[in-house]
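Novice: Here is the input, now give the coordinates:
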Amino acid sequence: MFISVSGALANPGQTYPLEATTSLPEMEVVGDPVKFEDIVVKGEVIGSEDSVNVAATITAVAHSRCSRCLEPMTMPVTATVNENFV
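Specialist: Numbers count the residues shown, from 1 in each chain. The predicted model follows:
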């Protein structure tokens, strides 16, 4: 996923809304296949003269299998991100 930050860098202190959907290929986590669907990123981008701050919440639905019984399972996942990029 690419985010254009040129406006944020050109206008320090200005807040720009961020909302995007994305996808990921199936991956292996601790030996089990995991597929993420319905990935949504919502937040804001704020620029300064030499950096950009991205504050967002990422939500998705994870599909894998139970580590105890190996039955298929689905779980909602939420993560928050607050990072400065220089």
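Novice: now the top strand by length along the chain: mean pLDDT?
Specialist: Criterion DSSP state E: the longest strand present in the chain is strand 32-47. Averaging pLDDT along strand 32-47 yields 94.
Novice: roughly how far is it from the heart of the chain?
Specialist: On the basis of CA atoms, centre = their mean, to the nearest Å, strand 32-47 sits 3 Å off its chain's mean C-alpha point.
Novice: Same check on stretch 61-71?
Specialist: 22 Å.
Novice: buried ones in that stretch?
Specialist: Buried residues in stretch 61-71, defined by neighbour count with 16 or more other CB atoms under 10 Å: Ser64. (Glycine included, C-beta is placed from N, CA and C.)
Novice: Now for the residue nearest to Ala20 when sequence neighbours are not counted, how many residues are close by?
Specialist: Nearest residue to Ala20 in three dimensions, chain neighbours excluded: Val41, at 4.7 Å (CB to CB, 6 or more residues apart in numbering). A count of neighbours around Val41, defined by other CB atoms under 10 Å, yields 19.
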